[in-house]
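Enquirer: Coordinates for the following, if possible.
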Amino acid sequence: MVEGCYGAVIARGAEEAGAVYVIVNHLDGTCHFFGPAPGPSHDDNGERRWIEELQFPARMEEINALIERKRRFDPDIWVVEVEDRKGTAGLAASA
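Expert: Numbering: from 1, shown residues only. The predicted structure follows:
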């Protein structure tokens, strides 16, 4: 639990590599779905950079289908799901 949000790893990738994707489940049928931003993985402040993989509000069916397509291309991806009713669990898409 971080900042009052519960989370779990729902798909493990390679220990030494693998892109990380984060589902922020709002527990109302809608989600945000973040993935690694193109370019450097971290910004000038050392914060990980993200993009929204699907436009909000995304549904779990859409997210699961996209994850399956990504896993066919890269089986080493990690997927984390965080429950946050009111926000994005501290994540924001990079500008």
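
Enquirer: Test my guess that C31 contacts E61.
Expert: No. Assessed by CB atoms under 8 Å, C31 is found out of contact with E61, at 10.3 Å. (Glycine included, C-beta is placed from N, CA and C.)

Enquirer: Identify the contacts common to those two.
Expert: Both C31 and E61 lack any common contact, where contact means CB atoms under 8 Å, 6 or more residues apart in numbering.

Enquirer: And the helices in this protein?
Expert: Using DSSP state H, the helices of the chain run over residues 60-73.

Enquirer: Spell out for me which residue occupies the centre of it.
Expert: V22 (1.6 Å; CA atoms, centre = their mean).

Enquirer: More neighbours: which of C31 and E61?
Expert: Taking other CB atoms under 10 Å, C31 and E61 do not tie; C31 has more neighbours (24 against 8).

Enquirer: list the helices and strands the longest strand seen in the chain packs on?
Expert: Looking across the chain with DSSP state E, the single longest strand is strand 50-58. Judged by 3 or more CB pairs under 8 Å, 6 or more residues apart in numbering; DSSP states H and E, the packing partners of strand 50-58 are strand 31-36, helix 60-73.

Enquirer: Good, we can wrap up now.
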